[in-house]
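**Student:** sequence first, then the predicted structure, then my questions.
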Amino acid sequence: MKPFPVAIVLGLENAIGLSIVRELGGHGVPVHGVARDPDSVGAASRHCSHFSVRPDGPLSDWLPDLIARTGAGAVLAISESDLLALSALPARIGDCHILTPRAAPLGRVIDKLRTLEAAEAAGLRVPQTWQPRSGEDFAARAAALPYPLVAKWANPPEILPVLERAGIAWIKADYVRTPQELLALLDRYAGIGRWPLIQQYCRGVGLGQMLYMEKGRATLHFQHRRLHEWPPEGGVSTYCRAEPEFAHHEQMALSEKLLRALDWDGPAMVEYRYEADSGTYWLMEVNGRFWGSLPLARYCGAHFAWEAYRRVVLGQTDPAPPPRDDLRARYMVPETKRLARILFAPGRIGDPFFRRRPLHDLAAYLVDFLDPRARYYVFSRADMRPWLRDMAQMLRKAARRGRR
């Protein structure tokens, strides 16, 4: 059998990159990893055939040469900055397929306001959203909005350098409880004349619906419910469980309709807040890059990186096998941080409706180690070196802090 072409994976520093390496390698694809840190967890995987430290300079200056030297048939990336850089390159460089979104759909998905507009037109429920602009009467608007609110930037990659130049800290999400708090938040950004989206707070749990889109049709579906996040009020998924295929079926059809409207090809996760009591789904965003809970999808057999590789590089068109729906996955370092905040620093939890159950959470944290359904983002008996490297790095960091 002819060997598969090499896949270059950009970004091995976190569990997402590690999961892609394990997934592709498990299907027999030789993986050449590229990372800024030679001690990246993904580079330690037995599925990482070759590894190189990322060169300085723009990606377009060194990637074509790396493709030529490795004979790569595919390039995959994790970070938004790499996706944006790759979207400016041709879809193919020689015989190598750039398995990342193109510039136009990527731009629509990164801009949360444009995504919400497309979602509303497609029939999805979206939170009431206000984009503050210069010249508006902020006080009048603040008095009329329903509280609590959440503030988040419409286009993070665009605003990050602006905030950095102004010496303003990046905050992914701010929770606002009163008109006075909202006016103080808006005043924080008055100097740059740019403001985050102000959005109604949506109750419920995080629900992620993952799809691989090809020419307007989903060839692979998977969904999970977020059980825990870091920080506790919302952020990175630290503990999640697979949802059965029959659950949220109508909403999955709407997710596919939205991605079709966005002209999306490739993997994406449509994120919701789901209120089980009312059966309401509030769209939060579309994640147009490989997502943090990808390890759960891999364990369940929903192989999104492999789906892209096999369809585009190998030309396979047979249906993907149905994934499992009985597993859970834990991201132990942030999961432990979450527990510590609930136990020792509850005042730092921003969500005014977060339900704190310290004894329950402590007991569950310990008992879940015995759950046969549980898997782990980094730890794997079949591929131990990434976990050992991760533990060694943590111990070195703890030792350095102890010497200060």
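**Tutor:** Sure, I can see it. Numbers count the residues shown, from 1 in each chain.
**Student:** mind pulling up the pLDDT for residue 235?
**Tutor:** For residue 235, the model assigns a pLDDT of 85.
**Student:** for residue 350, same thing?
**Tutor:** 84.
**Student:** which stretches of the chain have low pLDDT?
**Tutor:** By pLDDT under 70, the weakly predicted segments of the chain are 1.
**Student:** from the centroid of it, which residue is nearest?
**Tutor:** By C-alpha atoms, centre = their mean, the chain has its centre lying nearest to residue 291, at 2.9 Å.
**Student:** surely that residue touches residue 16?
**Tutor:** Yes - counting by C-beta atoms under 8 Å, residue 291 does reach residue 16; the two are 7.3 Å apart. Every C-beta, even on glycine, is put in place using the N, C-alpha and C of the backbone.
**Student:** rewinding a little: could you find the closest non-adjacent residue to the residue nearest to the centre of the chain?
**Tutor:** Nearest in space to residue 291, with sequence neighbours left out and distances taken as C-beta to C-beta, 6 or more residues apart in numbering, is residue 269 at 4.5 Å.
**Student:** list the strands paired with whichever strand or helix holds the one you found, with their directions.
**Tutor:** Following DSSP states H and E, one finds residue 269 within strand 266-275. Strand pairing for strand 266-275, determined by DSSP bridges: strand 205-214 (antiparallel), strand 280-287 (antiparallel).
**Student:** so the following helix or strand past the longest one versus strand 266-275, what angle?
**Tutor:** Counting by DSSP H and E, the next helix or strand C-terminal to strand 205-214 is strand 217-230. Calculated by axes from the mean of the first three to the mean of the last three C-alpha atoms, to 10 degrees, strand 217-230 forms an angle of 50 degrees with strand 266-275.
**Student:** and strand 217-230, what other elements does it pack with?
**Tutor:** With contacts taken as 3 or more C-beta pairs under 8 Å, 6 or more residues apart in numbering; DSSP states H and E, strand 217-230 sits against strand 205-214, strand 236-242, helix 249-261, helix 294-300, helix 304-308, helix 332-344.
**Student:** what residues go with each domain of the protein?
**Tutor:** 7-100, 102-127+204-378, 143-200 (automatic domain parsing).
**Student:** okay, those domains in JSON lines with distance to residue 392 next?
**Tutor:** Listed next are those as JSON lines, based on distance: least, C-beta to C-beta, whole Å:
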{"stretch": "domain 7-100", "distance to residue 392": "9"}
{"stretch": "domain 102-127+204-378", "distance to residue 392": "12"}
{"stretch": "domain 143-200", "distance to residue 392": "29"}
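**Student:** what's the closest of these to residue 385?
**Tutor:** When the domains of the chain are compared by C-beta to C-beta, domain 7-100 sits nearest residue 385, at 4.1 Å.
**Student:** quick one, which of the domains of the chain is nearest to residue 384?
**Tutor:** domain 7-100 (8.7 Å).
**Student:** gap between that closest one and the chain center?
**Tutor:** Mean C-alpha position of domain 7-100 versus that of the full chain (C-alpha atoms, centre = their mean, to the nearest Å) differs by 17 Å.
**Student:** over to stretch 264-275?
**Tutor:** 10 Å.
**Student:** picking that back up, contacting residues around the residue nearest to the centre of the chain?
**Tutor:** Residue 291 is in contact with 16, 208, 210, 237, 269, counting by C-beta atoms under 8 Å, 6 or more residues apart in numbering.
**Student:** assign a three-state SS to it, would you?
**Tutor:** Assigned with DSSP: H, G, I helix; E, B strand; the rest coil, residue 291 falls in the coil class.
**Student:** quick revisit: got a markdown table for the helices and strands packed on strand 217-230, with distance to residue 28 too?
**Tutor:** Listed next are those as a markdown table, based on distance: least, C-beta to C-beta, whole Å:
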| stretch | distance to residue 28 |
| --- | --- |
| strand 205-214 | 20 |
| strand 236-242 | 25 |
| helix 249-261 | 29 |
| helix 294-300 | 15 |
| helix 304-308 | 10 |
| helix 332-344 | 29 |
